[in-house]
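In: fold the following and give me the result.
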Amino acid sequence: MTLLAGFSIAPTWMRAQAWRRADSRVEELLSGGPIIDAVLRAEAAGFDIAFRPDALTLPLETIGRDPAHLGLDPIVQAAQLAGATRRIGIVVTISATFTEPYPLARQLVSLEHLAPGRIGWNVVTSRSGDEHFSIERLPDSDARWRRAGELIDVVESLRSGFPMAAMRFDRDAGVLVDQERIRPSAHSGENFRVAGPLPLPVPTPRPLPLMVAGGGEATIALAGRRADAMFASAIEAESGVAQRAAIREVARAAGRTDAPLLLPGISLLLADTPAEAEAIERDTYPLALGRRGTGPHWSVVGTADDAVAAIVERARARALDGFIAFPVGSWRSVELLCDEVMPRLRALGLVGEAEGPFAA
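Out: Model prediction:
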């Protein structure tokens, strides 16, 4: 079993009180520099994708002491990473609840030109944030997911409307673009009216690699029918087994011959000794904050050996098809994840060259 290995672009090693450590580089957060260094390290370690989660709200009650939710816009950051990296895939999170398909398609296709064959998108729906947009209230869950499905349809329609083959570049004949090969989308649906076409061609005719995030029935339904992968919270192995089976069953019922990948998040607070990892956890998540632990995902607090053992156990249980790693607590977690965990997983045959739609 070869797993797809994902590395979180979010600066999770700065979260909670970890930003106070001398090695956090928190002063550089908004330059993107620490993120570039982390992703370059992940690329060298053999990670298949760099995954950018996102949130549209700023938690004013915690932002004074915790940098969670601070960060660059995902599309802008992906453009920065596209120029800095050479192999790793870049997957950006998009809120279908508040996004319009035309500017989104233009941004995604632009990223495809900057990083050919390396761009994917993670589609989510938002349960908050309506105060930032020109709508009176959020639609209900079913309506949000219908909007997500329609957004995917329109983006792919726009992408297919201007193929790269339409670019002629015929200097002698004076023909730059073969207009006959361009078609409008002319979409009119429940949520969107979009004429198209885009003002730039699409580098590849294949659909963009698609991930969806969540774990509810609507997410599983969309993942099973249409997505290449589902990013999930699976704190316990049993949850991963159940979600993996559910998306595969939906895929079979939809007549798919391929199976969507289940990619649970894994928070890794790693240190050179178990005692050091436990001390970092106590300092990073003090009881005074009213919470402990490393996040809403499956978590490991310990050494690189502990992380490898946890991933091996989940793989043997068929509770995942890959993972999205969130190194937390300190920069040392990034180092140990890339320099020790990944080589050991590769030696076991659990990670290797990515195949399928997320292959760079």
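In: what's near enough to touch the residue nearest to residue 209 when sequence neighbours are not counted?
Out: Spatial nearest neighbour of residue 209, chain neighbours left out: residue 120 (3.5 Å); criterion: CB to CB, 6 or more residues apart in numbering. Backbone N, C-alpha and C define where each C-beta goes, glycine included. The contact partners of residue 120, by CB atoms under 8 Å, 6 or more residues apart in numbering, come to 49, 89-92, 208-211, 228, 357-358.
In: tell me, what residue is most central in the protein?
Out: Nearest residue to the geometric centre of the chain (CA atoms, centre = their mean): residue 51, 3.4 Å.
In: okay, now the sheet partners of whatever helix or strand that residue lives in, with direction.
Out: Using DSSP states H and E, residue 51 maps to strand 49-52. Take DSSP bridges as the rule and strand 49-52 pairs in its sheet with strand 4-8 (parallel), strand 89-95 (parallel).
In: next secondary structure after the shortest one?
Out: Right, strand 4-8. Following strand 4-8 in sequence order, the next helix or strand is helix 33-45 (DSSP H and E).
In: give me the buried positions along that following helix.
Out: 34-36, 38-43, 45 (16 or more other CB atoms under 10 Å).
In: who touches that helix?
Out: Applying CB under 8 Å, 6+ apart, the set of residues contacting helix 33-45 from outside is 7, 9, 11, 13, 25, 28, 50, 77, 80-81, 84-88, 327, 334-335, 337-339, 342-343.
In: go on, stretch 127-141?
Out: Defining contact as CB under 8 Å, 6+ apart, one finds that stretch 127-141 is touched by 56-57, 95, 97-98, 125-126, 144, 147, 216, 218.
In: how about those in TSV, adding distance to residue 301, neighbour count and secondary structure?
Out: Listed next are those as TSV, based on distance: CB to CB, whole Å; neighbours: other CB atoms under 10 Å; DSSP: H, G, I helix; E, B strand; the rest coil:
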residue	distance to residue 301	neighbour count	secondary structure
56	30	16	coil
57	28	12	coil
95	31	19	strand
97	34	23	coil
98	35	17	coil
125	31	25	coil
126	30	19	coil
144	35	18	helix
147	39	20	helix
216	28	10	coil
218	33	17	helix
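In: quick check: the two most widely separated of the residues you listed?
Out: 57 and 218 (21.1 Å; CB to CB).
In: follow-up on the earlier one: give me the angle between whichever helix or strand comes after the strand holding residue 51 and helix 33-45.
Out: Note on strand 49-52: by DSSP H and E, the next helix or strand toward the C-terminus is helix 74-84. If you take axes from the mean of the first three to the mean of the last three CA atoms, to 10 degrees, helix 74-84 sits at 50 degrees to helix 33-45.
In: output helix 74-84 as CSV, nothing but the C-alphas.
Out: Only the C-alpha atoms of helix 74-84 are listed here, as CSV (Å, rounded to 0.1, in the frame of the first residue of the first chain):
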residue,chain,number,x,y,z
PRO,A,74,-4.2,30.8,-0.5
ILE,A,75,-4.2,31.7,-4.2
VAL,A,76,-1.5,34.4,-3.7
GLN,A,77,0.6,32.1,-1.5
ALA,A,78,0.2,29.3,-4.1
ALA,A,79,1.6,31.6,-6.8
GLN,A,80,4.6,32.3,-4.5
LEU,A,81,5.1,28.6,-3.9
ALA,A,82,4.7,27.8,-7.6
GLY,A,83,7.8,29.9,-8.4
ALA,A,84,9.8,28.4,-5.5
